[in-house]
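S.K.: Give me the fold of what follows.
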Amino acid sequence: MKILDRYLLKSFLITFTTVFVILFFIFVLQVVWLFISELAGKDLDIFMILKFLLFKMPSIIPLVLPLSVLLASIMTFGSLAENYEFAAMKSSGISLQRAMRSLTVFILLLSIVAFFFANNVIPFAEYKFINFRRNIAQVKPAMAIAEGQFSEVGSYNIKVEKKSGENGKYLSGVTIHKKSTLGSASNTVIKAKKGELVSSEDSNTLKLILKDGNYYEDIVPKKFEERNKLPFAKSEFQRYVINIDLSKLNSSSLEEEKITNTNTMLNVGELKYTLDSLQKNYKKDIISYTENINQRANMTAVDINRDSVAPTLNNTDLLRTYSKSDKSQILKVASSNVDGINFSLETSKYEMQDKQKNINQHWIALYDKFVIAYACLLMFFIGAPLGAIIRKGGLGLPIVFAILIFIIFHFINTFGKKVAQQDEISPFLGCWMSSFVLTPFAILLTKRATDDKGFSMNFDWLTNFFNRIFPDKTQPVPVASTLTPDLAIDAEEVQQYLNTLPEDSMPQTIIEEKVRPTDNRTIELITKQYHLFSLIALVSNILLIAVFFWGKPDTLTMIIMAAVIAVSLFFSVYKSQQALTTLGIRADKNIDIPLFVLLLAGFPFYFLFYGYNRLLVNQLISESNTTV
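M.R.: Residues are numbered from 1 along each chain as shown. This is a model prediction of the structure:
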């Protein structure tokens, strides 16, 4: 390893290690805050709390590692550029790509390590974490119920005023609300003066023994007019036993959906095997539900060899031969069958949707292991050139850029996975959406930093656009008498000035010298405008192709998303082609591809025109410079 590579690697490793430790500590505090309701006031010693956090820590790595790579890259290369070390490298013939070579190898190795960590360590830690929570609830059943607040345990909301005894097994002042299975408000309340928690390490059931209490239950009358009386039933008991299933307790999560699946406990091989089984069962369930509906609708015996010409139906009333009571009975049976089939269809629909969501969650868990590895590489190729461009090290401006970029990445990643989980887009697109969006940005930054062009956004074209739409009529039109030797004349205003001048009052060479600087600035502005809109059009085209092939076109979210991307695509194509046409006029050359062709073929073939137009822009710029 050369001295330069060793120096860059050492600088990066020191910064990366420091940033990683600080960010990891911050995210651990976030985990403590999220799980504070499970840890506080539940008679846990410090060893069990540390073990609890230890099993949860590996799941933090997918968030900490990409952010650490991004921030360390910006700080390292920003410090090198700020201290003019990059200037010394470039004067010695060392480019940015050469300086990034050794660190690129390190990031590739780090990505491989991140993949193996996500594939082996994180699933094992999740398995230990879930089972550890289960064991705590069995050995220390008081952990399931907090003191002085309602704790959700299975289908019950339990509140106790005070806990006492070993591991808080004796309760006093117990109030229990039993949750309704139909999603309505709770109509059952149990109050007891005393209670006791009994559990066994080899059992998934937690027994709650209540003593000296009352049982209250609201009664819903069948007649609607009697419901306003709000009747209820009350009963007393000396001893009442409630069995609580701890498997439901362990299946709860602190996420918004409060669902924890086993997909986070599986590696790639196990996920593929599970997905194969789930998809086969899904297809079998569809066939089973279809046969069940056909049997209920008496459509099991279907003659496939019957005549294709439908027989003529007799227009007589089929119920004419039956009595009124038989007719009424037949209609009731038919209506009941239709209602039953509709209910069965709705139930089957929700069951199949839940199974599809479960399959999607397994696909998301599978793709996430690869996304973590690619995110490290992506963040490096964003952070390294960005640090060289902004030329700032330390903890000031780099933190601002790093947090902004990572928030965009994390927001798109979370949004994509949520939408994919609801089966509105494919899990592949949902997991890789953030990478698809930021990869062109990484390529652009790397190219501009390598060419030493920097990265600046010029919005003069937008200001000029609105000035042309809403001109300022209060400004006087300049005349020849207002010209001074240091005044730069816009090329479009030359003809107005010449019309006010005598033919021999100003030499043509003076006019050419005044026109040239402004023309160069105008060409540069139009070129930036083209590059900006063409890049937006290219990214929009890629996203629209992805949505078209992997999305679910029958959902409202996908339709809105596709419409927004399509508007962005065609608007960007129009603006970029408009800039290209302007460059062609200045170079006195016609554009081969008309605007309407690009608008029609913008989706999905814009990426084919993108490369050709880039070459054409470079040619037009060179010709414009020679003609000016």
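S.K.: mind listing what residue 157 touches?
M.R.: Residue 157 makes contact with 150, 151, 176, 177, 179, 186, according to Cβ atoms under 8 Å, 6 or more residues apart in numbering. The C-beta positions use only the backbone N, C-alpha and C, and glycine is treated the same way.
S.K.: What residue spans form the domains of the chain?
M.R.: Listed domain ranges for the chain are 3-138+364-450, 155-250, 504-627 (source: automatic domain parsing).
S.K.: Single out the most deeply packed of those domains.
M.R.: Of the domains of the chain, the one with the most neighbours on average (mean count of other Cβ atoms under 10 Å) is domain 3-138+364-450, at a mean of 18.
S.K.: distance between the ends of it?
M.R.: From the first residue to the last, domain 3-138+364-450 extends over 22 Å; the measure is Cα to Cα, to the nearest Å.
S.K.: thinking again about what came up before, from the contacts of residue 157, which shows the smallest pLDDT?
M.R.: Within the set of the contacts of residue 157, pLDDT is lowest for residue 186 (60).
S.K.: hang on, the earlier thing: would you mind listing the two of the contacts of residue 157 that lie farthest apart?
M.R.: Maximum pairwise distance in these, criterion Cβ to Cβ, is 14.7 Å, between 151 and 186.
S.K.: Averaged pLDDT, the helix or strand containing residue 381. What do you get?
M.R.: For residue 381, the host element (DSSP states H and E) is helix 324-390. The pLDDT scores in helix 324-390 average 84.
S.K.: hmm, who's touching the helix or strand that that helix is followed by?
M.R.: For helix 324-390, the succeeding helix or strand toward the C-terminus, using DSSP H and E, is helix 397-421. Residues from elsewhere that reach helix 397-421 (Cβ under 8 Å, 6+ apart): 63, 66-67, 70-71, 74-75, 78, 357, 360-361, 363-364, 368, 371, 375, 379, 382-383, 386-387, 390, 392, 425-427, 429-434, 437-438, 557.
S.K.: ok, back up a step: tell me which entries of the contacts of residue 157 lie within helices.
M.R.: Using DSSP state H, the subset of those located in helices is empty.
S.K.: Which of those residues sits closest to residue 20?
M.R.: Closest to residue 20, out of all of those and judged by Cβ to Cβ, is residue 151, at 36.2 Å.
S.K.: Next up, the contacts around that closest one.
M.R.: Shown in contact with residue 151 (Cβ under 8 Å, 6+ apart): 144, 145, 157, 158, 159.
S.K.: who does the last one bridge with?
M.R.: Residue 159 forms beta bridges with residue 175, as assigned by DSSP bridges.
S.K.: can you tell me how far it sits from residue 148?
M.R.: Taking Cβ to Cβ, to the nearest Å as the measure, residue 159 falls 8 Å from residue 148.
S.K.: And for the third one?
M.R.: Distance, residue 157 to residue 148, using Cβ to Cβ: 14 Å.
S.K.: And for residue 324?
M.R.: Taking Cβ to Cβ, one finds residue 324 at 66 Å from residue 148.
S.K.: Look at the two and report which has more neighbours.
M.R.: residue 148 (11 against 8; other Cβ atoms under 10 Å).
S.K.: Check which helix or strand the closest residue to that one other than its chain neighbours maps to.
M.R.: With Cβ to Cβ, 6 or more residues apart in numbering as the criterion, residue 148 has its nearest non-adjacent residue at 6.9 Å, and that residue is residue 161. Using DSSP H and E, residue 161 sits in strand 156-164.
S.K.: what is the mean pLDDT for that strand?
M.R.: Strand 156-164 shows an average pLDDT of 84 in the prediction.
S.K.: Restricted to strands, list the contacts of residue 157.
M.R.: Counted as lying in strands by DSSP state E, out of the contacts of residue 157, are 151, 176, 177.
S.K.: Make JSON lines from those and add distance to residue 267 to it.
M.R.: Listed next are the ones in strands among the contacts of residue 157 as JSON lines, based on distance: Cβ to Cβ, whole Å:
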{"residue": "151", "distance to residue 267": "34"}
{"residue": "176", "distance to residue 267": "41"}
{"residue": "177", "distance to residue 267": "41"}
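S.K.: Just name the closest of these to residue 616, please.
M.R.: Distance to residue 616, by Cβ to Cβ, is smallest for residue 151 among the ones in strands among the contacts of residue 157, at 68.4 Å.
S.K.: Pass me the low-pLDDT residue ranges in the stretch 351-500 of the chain, would you?
M.R.: Counting by pLDDT under 70, the stretch 351-500 of the chain shows low-confidence ranges at 453-500.
S.K.: Over to the stretch 51-200 of the chain?
M.R.: The stretch 51-200 of the chain contains residues with pLDDT under 70 at 134-144, 154, 167, 180-186, 200.
S.K.: picking up where we left off before, ok, the residue nearest to residue 148 - contacts?
M.R.: Shown in contact with residue 161 (Cβ under 8 Å, 6+ apart): 147, 148, 172, 173, 174.
S.K.: Tell me the spacing between it and residue 147.
M.R.: 8 Å.
S.K.: Same question for residue 28.
M.R.: Between residue 28 and residue 147 the computed distance is 26 Å (Cβ to Cβ).
S.K.: for residue 110, what are its contacts?
M.R.: 65, 69, 376.
S.K.: Format the CA atom coordinates belonging to the helix or strand hosting residue 63 as CSV.
M.R.: Per DSSP H and E, residue 63 falls inside helix 61-82. Coordinates of the C-alpha atoms in helix 61-82 are reproduced here as CSV (Å, rounded to 0.1, in the frame of the first residue of the first chain):
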residue,chain,number,x,y,z
ILE,A,61,-26.8,-1.2,12.6
PRO,A,62,-28.7,-0.8,9.3
LEU,A,63,-29.5,2.8,10.3
VAL,A,64,-26.1,3.7,11.8
LEU,A,65,-23.8,2.2,9.3
PRO,A,66,-24.9,4.1,6.1
LEU,A,67,-25.2,7.4,8.0
SER,A,68,-21.7,6.9,9.5
VAL,A,69,-20.2,6.2,6.0
LEU,A,70,-21.9,9.3,4.6
LEU,A,71,-20.8,11.7,7.4
ALA,A,72,-17.3,10.3,7.6
SER,A,73,-16.8,10.6,3.8
ILE,A,74,-18.0,14.2,3.8
MET,A,75,-15.8,15.1,6.8
THR,A,76,-12.7,13.4,5.5
PHE,A,77,-12.7,14.7,1.9
GLY,A,78,-14.0,18.0,3.0
SER,A,79,-11.1,18.4,5.4
LEU,A,80,-8.6,17.4,2.7
ALA,A,81,-10.1,20.0,0.3
GLU,A,82,-10.3,22.7,3.0
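S.K.: packing partners for it?
M.R.: Judged by 3 or more Cβ pairs under 8 Å, 6 or more residues apart in numbering; DSSP states H and E, helix 61-82 is in contact with helix 3-34, helix 85-91, helix 96-116, helix 324-390, helix 397-421.
S.K.: So for residue 195, which of those sits nearest?
M.R.: helix 3-34 (28.8 Å).
S.K.: how big is the angle separating the closest one from helix 324-390?
M.R.: Computed by axes from the mean of the first three to the mean of the last three Cα atoms, to 10 degrees, the angle separating helix 3-34 from helix 324-390 equals 140 degrees.
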